[in-house]
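Asks: Show me the folded form of this:
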Amino acid sequence: MEDWKRNLIEDGEGIVEVIRETKTIAVLGIKPESHADQAAHYVAAHMAAAGYDVIPVPVYYPEVKEILGRKVVRKLAEIDGPVDMVNVFRRPNDIPPHVDDILAKKPKYVWFQLGIRNDAAAQQLAEAGIKVVQDRCLMVEQGRLGR
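Replies: Numbers count the residues shown, from 1 in each chain. Sure, this is the predicted structure:
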């Protein structure tokens, strides 16, 4: 059965639904304010300013305790409460080590940012019932909705 392919979101209508249904976003690979000029910071800052609950999950920067005024979490599974979306800022080859943590958190959606595509990881997540968007900018897509 290839029912899991329904969980790979590539059409505009599906993307609109993902964004509209999302309220809480865990940003895996977020960068701190010292890197405000990089997408791994300003996309999350934009989403927070647009009213989303953004939870920072940096991979590096062990000295950083807060990003965007929120306490940093080091693993997705440590987040209290549900997460609608995991927004991923990791190189494609760096995604596989995070798959188990994503699966443990069980978000509704996983969004690989523009330029990020890992079909094997996307398939594994989709097979687990998680809807996956790849190679799109969340900030741009959200901006189109004007939310």
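
Asks: show me where the protein has strands.
Replies: Assigned by DSSP state E, the strands in the chain fall at 24-28, 53-57, 66-67, 70-71, 85-88, 109-112, 131-133.

Asks: Remind me what the first one packs against, helices and strands.
Replies: Going back to what we said before, that points to strand 24-28. Applying 3 or more C-beta pairs under 8 Å, 6 or more residues apart in numbering; DSSP states H and E, one finds that strand 24-28 contacts helix 39-49, strand 53-57, strand 85-88, helix 96-105. C-beta: built from backbone N, CA, C; applies to glycine.

Asks: partner strands of that strand, parallel or antiparallel?
Replies: strand 53-57 (parallel), strand 85-88 (parallel) (DSSP bridges).

Asks: For that strand, what is the distance to the chain centroid?
Replies: With C-alpha atoms, centre = their mean, to the nearest Å as the basis, strand 24-28 stands 5 Å off its chain's centre.

Asks: And for the fifth one?
Replies: Average the C-alpha atoms of strand 85-88, do the same for its chain, and the two points are 1 Å apart (C-alpha atoms, centre = their mean).

Asks: Stretch 23-33 too?
Replies: 7 Å.

Asks: Nearest residue to the middle of this protein?
Replies: Geometric centre of the chain, nearest residue: N87, 0.9 Å, by C-alpha atoms, centre = their mean.

Asks: Next, count neighbours for A122.
Replies: 23 (other C-beta atoms under 10 Å).

Asks: show me what contacts H98?
Replies: If a contact means C-beta atoms under 8 Å, 6 or more residues apart in numbering, then H98 has L28, L76, V88, R90 as its contacts.

Asks: ditto for E21
Replies: So E21 contacts D84, K108, Y109 (C-beta under 8 Å, 6+ apart).

Asks: any idea which of those residues is closest to K5?
Replies: Closest to K5 out of the contacts of E21 is Y109 (15.7 Å), distances taken as C-beta to C-beta.
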